[in-house]
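> here are the coordinates; sequence isn't available:
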C-alpha cells in the first residue's frame, strides 16, 4: 500500500471519561488551524454543552468504561483528516506544535507518524521537560524505550497507516500505545521525534476516583500487569535481542510494582526473584543504550 500525506488535513482525537473541566482545557488547546476535533466519550456522563459551541467538535460514544484503546479507535474511525493527532483529556497541546508537524509533512512524504517531548504538570505547576532526546530526528527501531506511552506525548499518524496496522489493541487496558509503536517500528515506518515539547502532560489528574487518569484507575485495579504481560507475549518471540531485553525488563518492573501490593507469600517470593533478575540484567547490560 502506498502511504502518502496528500490531503494534510488534521483531526484531533480526545478520549474522555467524566472529566468535563479538564476536557474543556484540552479542547481549547487545539489551534484554529485544525478543522476537526473528535471527542470519544468513554464516560457515563454526557459531554458538556459548552464544548459543543466549538463548531469543530464532533462527539462519539465509545463507552462507558471501554478503555482508552477502544475510545481512540472509535474516534479514529469517524475522523475525516488525513493526519490523526491523539490528546488525552487531561493534557493540552502547546502552541505551535501541530503547526510545526503539519509544516514538516508539507515538505516530506516518507515520515508518516511521530511524537514529541512533553512538559509535565503536577498540582497545576509546570515542571521539567520529559521524554527529552538530544534533538529532533527520526527514531531508530533499536530505541523502543523512546516510544513507550507515546499517545500521551503528542502522538500523530497518517490515518491509512493507523488502520493498516489495526489501530490500538482493545484488549489492553493500559500500554496500548507501547504495543502499537512496537508494531509500527517493526513494520518499518519512520517515526519522527520533535525535541520541542508539544504537550503539557498532567502527571496526576487528581486525588479522587473521578479525576484520575484511566491508566491510574487500571493500575489501582491491578490490571496493568496483565496488559504488560500481553505486550510481552505478543512481541517477545519475534523480537530482536535489544527489544527482548526491553520487554523483559519492563514486564519485571511492572510485576514488582503491582504484585508488591499484596502480602501473600507467593507474590513476595516472586518479587524477590524478579528484583534479583532485574539487578542481574542491569549489571550485564549496563553499557547498552535504548
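That came through, no problem. Treat the numbers as computed from the prediction; the structure is a model and nothing was measured.
> tell me the SS of the nearest residue to residue 45 once chain neighbours are set aside?
Computed as CB to CB, 6 or more residues apart in numbering, the closest residue to residue 45 that is not its neighbour in sequence is residue 18, at 4.9 Å. (C-beta placed from N, C-alpha, C; glycine too.) Following DSSP: H, G, I helix; E, B strand; the rest coil, residue 18 is assigned to coil.
> Then residue 50?
Using three-state DSSP, the structure places residue 50 in helix.
> List the residues that contact it.
Residue 50 makes contact with residue 24, according to CB atoms under 8 Å, 6 or more residues apart in numbering.
> now residue 39
Applying CB under 8 Å, 6+ apart, we find residue 39 in contact with 14, 16, 23, 27, 47, 51, 57, 58, 59, 60, 75.
> Please identify the helix or strand for it.
Element membership for residue 39 (DSSP states H and E) is strand 36-41.
> Partner strands of that strand, with direction?
Strand pairing for strand 36-41, using DSSP bridges, gives strand 10-16 (parallel), strand 57-61 (parallel).
> buried set for the helix or strand just after the shortest one?
Stepping forward along the backbone from strand 57-61, the first helix or strand reached (DSSP H and E) is helix 68-78. Of the residues in helix 68-78, those scored as buried under the neighbour-count criterion (16 or more other CB atoms under 10 Å) are 68, 69, 70, 71, 72, 73, 74, 75, 76, 77.
> Residue 123: which of the residues you listed is nearest?
Nearest to residue 123 out of these is residue 68 (CB to CB; 23.3 Å).
> Identify the single longest strand in this structure, thanks.
For the chain, the strand with the greatest residue count under DSSP state E is strand 191-202.
> what distance separates the start and the end of stretch 33-48?
End-to-end distance of stretch 33-48: 23 Å, with CA to CA, to the nearest Å as the criterion.
> Do me a favour and average the pLDDT over it.
Averaged over stretch 33-48, pLDDT sits at 92.
> Next, the buried residues of it.
If you call a residue buried by 16+ other CB under 10 Å, then stretch 33-48 has these buried ones: 34, 36, 37, 38, 39, 40, 41, 42, 43, 47.
> Mind putting these into CSV with distance to residue 87?
Listed next are these as CSV, based on distance: CB to CB, whole Å:
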residue, distance to residue 87
34, 11
36, 13
37, 9
38, 10
39, 10
40, 11
41, 14
42, 14
43, 16
47, 15
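> residue ranges for the strands of the protein, please.
Using DSSP E, the strands found in the chain span residues 10-16, 36-41, 57-61, 83-86, 92-93, 113-122, 125-130, 137-139, 156-158, 191-202.
> buried sites along the last one?
Read it as strand 191-202. Across strand 191-202, burial judged by 16+ other CB under 10 Å covers 191, 192, 193, 194, 197, 198, 199, 200, 201, 202.
> Excluding chain neighbours, what is closest to the last one?
Which is residue 202. residue 90 (4.5 Å).
> roughly how far apart are that neighbour and residue 23?
The spacing between residue 90 and residue 23, counted by CB to CB, to the nearest Å, is 8 Å.
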